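Novice: next come a sequence and a model predicted from it.
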Amino acid sequence: MKKITLILALIGMITLQSCTKEEVYIQDDGIDYDTISEVLEYTNVDFNPANGFGVYLNYPYTIYNSDMVLVYHLYDVINGQDVWRLMPQTYYFNGGGELDYNFDFTTTEAFVFLDANFDLNTLDASWTQNQIFRVVIIPANFGNKMAAPVDFNDYKAVLEYYNLDDSKLTKIEL
């Protein structure tokens, strides 16, 4: 009888030790800031020698260090449908030229820049003027708990997976 009581007590202690409580960080205003995904669209983005072929896309608010940032470049419009390409993106030209659209990001901005194996001053304006970018901010809470993988190269798949409505995106004109 003593052995059974001891075994039941041991099982009870193990069971109680494994219980945890997940806490959500909520600021004083009651809003849960760490689970808001958002799409920001930046229009009229120009790359030129004056800005070193790099542009800062400032966020309207500060994000967390752990948040994921995806940047998409509007590459083309085919039959009225936007073609978004996930950055970094390399474009190849006849004659061996390579142009890279790349980015770095912080908690306050994304820095989008061009790099090439040729003189960027020779680029056609269609590659450097009036460019459009979309920045998708995904809180770490979502990015780290993916039950199923999502193809980040597919802009529409990302919107669907994170339940984002790009008709409600924040537009920022540079």
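Specialist: Nice, thanks for sending it over. Numbers count the residues shown, from 1 in each chain.

Novice: what pairs with the strand ranked longest in the chain, parallel or antiparallel?
Specialist: Longest among the strand segments of the chain by residue count, using DSSP state E, is strand 68-78. Partner strands and pairing direction for strand 68-78 (DSSP bridges) are strand 81-86 (antiparallel), strand 131-138 (antiparallel).

Novice: give me whichever of these is most buried.
Specialist: Of all those, strand 131-138 has the most neighbours on average by mean count of other Cβ atoms under 10 Å, namely a mean of 22. In short, each C-beta sits where N, CA and C put it, glycine included.

Novice: just the residues contacting that one, thanks.
Specialist: Strand 131-138 is touched from outside by 37-43, 45-47, 57, 59, 63, 67-74, 84, 110, 112, 155, 158-159, 162, 164, 166, 169, with contacts defined as Cβ atoms under 8 Å, 6 or more residues apart in numbering.

Novice: just the buried ones from those residues?
Specialist: 37-42, 45, 47, 57, 59, 63, 67-74, 84, 110, 112, 155, 158-159, 162, 164, 169 (16 or more other Cβ atoms under 10 Å).

Novice: a markdown table for the strands paired with strand 68-78, including distance to residue 116 and mean pLDDT?
Specialist: Shown next, in a markdown table, are the strands paired with strand 68-78 (distance: least, Cβ to Cβ, whole Å; pLDDT from 0 to 100):
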| stretch | distance to residue 116 | mean pLDDT |
| --- | --- | --- |
| strand 81-86 | 16 | 95 |
| strand 131-138 | 15 | 94 |
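
Novice: quick one, strands of the chain?
Specialist: 38-45, 54-58, 68-78, 81-86, 89-92, 98-105, 109-116, 131-138, 170-173.

Novice: tell me how far the fourth one lies from the chain's centre.
Specialist: Right, strand 81-86. Put simply, strand 81-86 sits 15 Å off its chain's centre (Cα atoms, centre = their mean, to the nearest Å).

Novice: cool, the longest one as well?
Specialist: Computed by Cα atoms, centre = their mean, the chain-centroid distance of strand 68-78 equals 11 Å.

Novice: put the alpha carbons of it into PDB.
Specialist: Listed next in PDB are the C-alpha coordinates belonging to strand 68-78 (Å, rounded to 0.1, in the frame of the first residue of the first chain):
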ATOM      1  CA  MET A  68      10.100  39.400 -39.200                       C
ATOM      2  CA  VAL A  69      10.200  41.900 -42.100                       C
ATOM      3  CA  LEU A  70       9.600  40.800 -45.700                       C
ATOM      4  CA  VAL A  71      10.100  43.300 -48.600                       C
ATOM      5  CA  TYR A  72       8.500  42.900 -52.000                       C
ATOM      6  CA  HIS A  73       9.300  44.800 -55.200                       C
ATOM      7  CA  LEU A  74       6.500  45.400 -57.700                       C
ATOM      8  CA  TYR A  75       8.200  43.900 -60.800                       C
ATOM      9  CA  ASP A  76       5.400  44.000 -63.300                       C
ATOM     10  CA  VAL A  77       1.700  44.200 -63.900                       C
ATOM     11  CA  ILE A  78       0.300  41.400 -66.200                       C
END
